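*Asks:* need coordinates for the following:
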Amino acid sequence: METKAKLANSFQELVNECRKVFDSGDVVDVDYLMELLASYTSKPEEWKKFAKFDRHRYTRNLVDEGNGKYNMMLLCWGEGMASNIHDHSNAHCFMKNLMGDLLERRYDFPAEEGGEMVGRGTQDLKLNQVAYINDELGLHRVENPSHTDVAVSLHIYIPPFDQCNIFDPRTGKQNVSKMTFWSRYGKRTPFQ
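*Replies:* Modelled structure (predicted):
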């Protein structure tokens with residue numbers, strides 16, 4: 001198979017190529033971005049300035065706002081930490097594992113409130129693996145299954161969003177969750 005994506009040999013090249021892709025238009029080429037993300041081999045020394053951890057919850061750390069067309073961020077997962085089951089506000093979600101192991105659990109949207117969420121399967125995301133989801137594919141939850149090691153993942157959301165819906169796994173009850181950044185460009189944001 002011939003590669004159509006530019007290879008990203010460094011984290012900065014990956015950031016720069018994403019900017020170029022969206023400077024040239026608004027069309028999201030899922031295959032191209034998956035290939036671009038897969039081409040980068042994680043080197044912690046290149047992205048560690050953005051990786052900020054909190055001992056009580058996973059963190060969302062903004063790397064690039066993509067001229068308002070996307071958000072690129074590092075999510076830092078302490079031992080055993082997980083997201084809620086959530087949607088993506090009709091955005092594309094690309095994810096690359098940069099450190100450790102992650103587990104993605106996918107779910108159907110609840111048919112009605114009051115019943116347990118129905119799982120659609122799981123995917124182990126090992127180092128340098130890439131995944132994609134959008135609301136047409138369903139909901140998901142991401143977790144660090146390790147109780148001894150941290151994990152870091154790179155996420156790109158197109159378009160960016162500031163809230164999403166989270167779902168109670170026992171009842172399917174939906175609530176709105178405001179999205180915040182623990183840090184921006186490597187600097188801690190004020191507590192909100």
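
*Asks:* centroid-nearest residue for the chain?
*Replies:* What sits nearest the mean C-alpha location of the chain, by C-alpha atoms, centre = their mean, is residue 155, with 3.2 Å.

*Asks:* surely that one meets residue 92?
*Replies:* No. Between residue 155 and residue 92 there is no contact under C-beta atoms under 8 Å: 10.5 Å. C-beta here means a position set from N, CA and C on the backbone, and glycine is covered the same way.

*Asks:* host element of the residue nearest to the centre of the chain?
*Replies:* strand 151-158 (DSSP states H and E).

*Asks:* just checking: what are the partner strands of that strand?
*Replies:* Strands that pair with strand 151-158, judged by DSSP bridges, come out as strand 71-77 (antiparallel), strand 92-99 (antiparallel).

*Asks:* can you say which of these is packed in most?
*Replies:* strand 71-77 (a mean of 24; mean count of other C-beta atoms under 10 Å).

*Asks:* tell me how far the next helix or strand after it lies from the chain's centre.
*Replies:* Later in the chain than strand 71-77, the nearest helix or strand by DSSP H and E is strand 85-86. How far strand 85-86 lies from its chain's middle: 12 Å, per C-alpha atoms, centre = their mean, to the nearest Å.

*Asks:* can you pull the contacts of the residue lying farthest from the centre of the chain?
*Replies:* Farthest-out residue of the chain from its mean C-alpha position, per C-alpha atoms, centre = their mean: residue 114, at 28.3 Å. Residue 114 sits next to 171-172 when contact means C-beta atoms under 8 Å, 6 or more residues apart in numbering.

*Asks:* how distant is the longest helix along the chain from the center of its chain?
*Replies:* Determined from DSSP state H, the single longest helix within the chain is helix 11-23. In terms of C-alpha atoms, centre = their mean, the centre of helix 11-23 is found 17 Å from the chain centre.

*Asks:* packing partners of it?
*Replies:* helix 30-39, helix 44-47, strand 59-64 (3 or more C-beta pairs under 8 Å, 6 or more residues apart in numbering; DSSP states H and E).

*Asks:* out of these, flag the one nearest residue 19.
*Replies:* strand 59-64 (7.1 Å; C-beta to C-beta).

*Asks:* for that closest one, buried residues please.
*Replies:* Under the neighbour-count criterion of 16 or more other C-beta atoms under 10 Å, strand 59-64 has 59-64 buried.

*Asks:* quick one: it to strand 151-158, angle?
*Replies:* Angle of strand 59-64 versus strand 151-158, following axes from the mean of the first three to the mean of the last three C-alpha atoms, to 10 degrees, is 50 degrees.

*Asks:* what lies in contact with stretch 121-134?
*Replies:* 30, 34, 37-38, 40-42, 88, 90-106, 140, 153.
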